[in-house]
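Student: This is the structure alone, sequence omitted:
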């Protein structure tokens, strides 16, 4: 499979998952069959894991609360951080887990119905996992930009309708 | 003041009115129009460039600069031009102008006087003709044709040349056709230019937007540097149209003459915009290249779609315009553009406004989002199939 093409297709779909096979084929000068096959391989190889939308939840009447939690852990022999990360990411409330360099080890994103629910998760579930030594919880107040998308973007069409 | 009109300069009175004006007014009155008629990038200037301008204002860079522009900007321009095998001395052979537009005017006024002829390949961008006329020259159209991918041929040029011909204008990659001249194409033109001792004004504002290959400047060919004025600028490559920063590279005697007009009429290009241009040239390559890749993808999309619809479209190898042949519809360029606007709400520019041989074509800018291009193509498809089915009946 052509790696350059896989990268181009993944890049286009990452930017806009609604692009049709036909459109992608035209944009990259390939046949629709080649593009369909490339996408199939990207999905099969779990390069593309899911197609989802970037949502500005603030514009919907949801009361959900998002917290970013810095977690310090004691790495374990042979498995390092992976087994603790696994224990954490299996919780339904946990939306993302990443290993970080710097002052703490794992960055965990948790979404709950309200602050109490998130707090309870941290104190009862997260902090009590063996080898978790400390947690610092930051509640998210407002998202300005996520995954390359500016949320309060006021940039509209400012060009004149027709110019030479 | 009776009869004001008669007392105005006949040169101005005789200038042709802008061919897109009427069309612009019509499109502006309508709601929900998708415009493929815009001749500028759809990107906002990259943030680091805007930020550099704001910083320059904080630092108080609000004064005049040297007439020729900031010395460090001229140095960056000289460095940049080496990518096209062009070597110019930044202290004597480069100047910063108020957009490529001023540069065109300066070049015309410096090279021609009444009675001279300026050779302008057509169809092409609309400013060369009026600038030549304002300088008192007569304009000779040199036709380019779809069969040649709208490249200028030595034969067509040769046919147009008279003893009064003095200047040849080149605009490649071309607005509106997207045509690109290869080194071999240019070598044939250069041979004619040298034999007839022509000056060349080479407007290379779209140079960076050359797909499937590398732009060649005619000034880089043997014997051409001394007779060529190279014009370019920040507008298209760096999405900086509103900043009005262009530049000229030319041999010292030509540049000194243009600088004389510039210093009396303009003084200098805006200082803070020059600071922004400096940032763009020093640190803007990555974002510029991403924008170019994005145009390239949309170029392929629009060309494939137009051909599918039944409007034959040669492959535009530069700029951000497709120039499809609309003759299969049986309409003239203006009829096509006006009816498409009124019936389907898509604005394109009739090809004839760019010159007689643009008749039978329309210019579609693909510097707009993929979603809008696709929507526009659906509407054009519906428009064309209706026309064709009517023609069959």
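Tutor: All right, it came through fine. None of these values were measured; they are calculated from a predicted model.

Student: so residue A:119 sits right up against residue A:139, yeah?
Tutor: No. Contact between residue A:119 and residue A:139 fails when scored by Cβ atoms under 8 Å: they sit 9.6 Å apart. The C-beta positions use only the backbone N, C-alpha and C, and glycine is treated the same way.

Student: Could you check the pLDDT of residue 12?
Tutor: By default, I'm working from chain A. With respect to pLDDT, residue A:12 scores 96.

Student: Chain B is the one I meant
Tutor: On the pLDDT scale, residue B:12 gets 92.

Student: Quick one: classify residue A:71 as helix, strand or coil.
Tutor: When classified by DSSP: H, G, I helix; E, B strand; the rest coil, residue A:71 comes out as strand.

Student: contacting residues for the residue nearest to it when sequence neighbours are not counted?
Tutor: Leaving aside its chain neighbours, residue A:71 sits nearest to residue A:106 (4.2 Å; criterion: Cβ to Cβ, 6 or more residues apart in numbering or on different chains). If you count contacts by Cβ atoms under 8 Å, 6 or more residues apart in numbering or on different chains, residue A:106 has them with A:70, A:71, A:73, A:81, A:84, A:85, A:88, A:97, A:98, A:99, A:100.

Student: please redo it, this time with the cut-off set to 10 Å
Tutor: A:69-73, A:81, A:84-85, A:88-89, A:97-100, A:126, A:132, A:135 (Cβ atoms under 10 Å, 6 or more residues apart in numbering or on different chains).

Student: That one and residue A:83, how far apart?
Tutor: 12 Å (Cβ to Cβ, to the nearest Å).

Student: Common neighbours of those two, please.
Tutor: With Cβ under 10 Å, 6+ apart, residue A:106 and residue A:83 have common neighbours residue A:73.

Student: sorry, back to before: overlap in contacts of residue A:119 and residue A:139?
Tutor: By Cβ under 10 Å, 6+ apart, the residues touching both residue A:119 and residue A:139 are A:65, A:67.

Student: Local confidence estimate at residue B:393?
Tutor: 63.

Student: same question, residue A:79
Tutor: 80.

Student: wait, doesn't it sit right on residue A:73?
Tutor: No. If you go by Cβ atoms under 10 Å, residue A:79 and residue A:73 don't touch, sitting 11.5 Å apart.

Student: Next, show the common contact partners of those two.
Tutor: residue A:85.

Student: For the chain, just list every one of the strands.
Tutor: Picking chain A for this. Ranges of strands within chain A are A:65-73, A:94-99, A:106-112, A:132-139, A:145-146, A:149-150, based on DSSP state E.

Student: The chain in question should be chain B.
Tutor: Using DSSP E, strands in chain B cover B:34-35, B:94-98, B:117-122, B:138-143, B:165-171, B:199-203, B:228-233, B:245-249, B:321-322, B:346-347, B:349-350, B:362-365.

Student: Tell me which of the ones you listed lies nearest to chain A.
Tutor: Nearest to chain A, of all the strands of chain B, is strand B:34-35, at 4.9 Å by Cβ to the nearest Cβ.

Student: Contacts for that closest one next, please.
Tutor: Here strand B:34-35 has contacts from A:157, A:159-163, B:27-28, B:341, B:344-349, B:365, B:368-369, B:371-373, B:375-380, using Cβ under 10 Å, 6+ apart.

Student: Run through chain B and note the low-pLDDT ranges.
Tutor: Within chain B, the stretches with pLDDT under 70 are B:1-2, B:392-393.

Student: mind listing what's buried in whichever helix in it runs longest?
Tutor: Criterion DSSP state H: the longest helix present in chain B is helix B:285-309. Residues of helix B:285-309 classed as buried: B:287-288, B:291-292, B:294-307, B:309 (neighbour count, 16 or more other Cβ atoms under 10 Å in any protein chain shown).

Student: and if you look at stretch B:203-217?
Tutor: Buried positions in stretch B:203-217, judged by neighbour count with 16+ other Cβ under 10 Å: B:203, B:204, B:205, B:206, B:207, B:208, B:209, B:210, B:211, B:215, B:216, B:217.

Student: and that stretch, how far out from the chain's middle?
Tutor: 12 Å (Cα atoms, centre = their mean, to the nearest Å).

Student: ditto for stretch A:103-115
Tutor: For stretch A:103-115, the distance to the chain centre is 13 Å (Cα atoms, centre = their mean).

Student: what does stretch A:38-52 give?
Tutor: Per Cα atoms, centre = their mean, the centroid offset for stretch A:38-52 relative to its chain is 15 Å.

Student: any residues touching that stretch, and which ones?
Tutor: If you take Cβ under 10 Å, 6+ apart as the criterion, stretch A:38-52 is touched by A:1-2, A:5-10, A:13-14, A:17-18, A:21, A:24-25, A:28, A:30, A:147.

Student: which residue packs closest to residue 96, ignoring adjacent ones?
Tutor: All of this refers to chain A. Per Cβ to Cβ, 6+ apart, closest to residue A:96 is residue A:109, 4.3 Å.

Student: please go with chain B instead
Tutor: Counting by Cβ to Cβ, 6+ apart, the residue nearest residue B:96 is residue B:69, at 2.8 Å.

Student: distance of the closest residue to residue B:296 other than its chain neighbours from residue B:42?
Tutor: Leaving aside its sequence neighbours, residue B:296 sits nearest to residue B:211 (Cβ to Cβ, 6+ apart; 5.0 Å). Residue B:211 is 17 Å from residue B:42, where distance means Cβ to Cβ.

Student: What of residue A:158?
Tutor: Distance from residue A:158 to residue B:42, by Cβ to Cβ: 10 Å.

Student: Looking at those two, which is more packed in?
Tutor: Applying other Cβ atoms under 10 Å in any protein chain shown to residue A:158 and residue B:42 shows that residue B:42 carries more neighbours, namely 19 against 7.

Student: before we move on, back to that, name only those of the contacts of strand B:34-35 that count as buried.
Tutor: A:159, A:161-162, B:27, B:341, B:344-349, B:365, B:368, B:372-373, B:376-377, B:379-380.

Student: These in helices, which ones?
Tutor: Counting by DSSP H, those contribute B:27, B:341, B:344, B:372, B:373, B:376, B:377, B:379, B:380 to helices.

Student: Which residue, other than its chain neighbours, is closest to the fourth one?
Tutor: Taking Cβ to Cβ, 6+ apart as the measure, residue B:372 lies nearest to residue B:34, with 5.3 Å between them; neighbours along the chain are not counted.

Student: what's the neighbour count on the one you found?
Tutor: What residue B:34 shows, counting by other Cβ under 10 Å, is a neighbour count of 22.

Student: do the same with residue B:343
Tutor: 13.

Student: cool, and residue B:101?
Tutor: Applying other Cβ under 10 Å, we find 18 residues neighbouring residue B:101.

Student: Could you measure from it over to chain A?
Tutor: Using Cβ to the nearest Cβ, to the nearest Å, residue B:101 is found at 10 Å from chain A.

Student: Which residue, other than its chain neighbours, is closest to that residue?
Tutor: The spatial neighbour of residue B:101 that comes closest, neighbours along the chain excluded (Cβ to Cβ, 6+ apart), is residue B:127 at 6.2 Å.

Student: show me what contacts that neighbour?
Tutor: A:164, B:100, B:101, B:104, B:105, B:108, B:169, B:171, B:203 are the contacts of residue B:127 under Cβ under 10 Å, 6+ apart.

Student: List the contacts of the closest residue to chain A within the stretch 151-300 of chain B.
Tutor: Using Cβ to the nearest Cβ, the closest approach of the stretch 151-300 of chain B to chain A is made by residue B:297 at 4.0 Å. Going by Cβ under 10 Å, 6+ apart, residue B:297 touches A:8, A:11, A:12, A:23, A:24, A:26, A:27, A:28, A:29, B:366, B:370.
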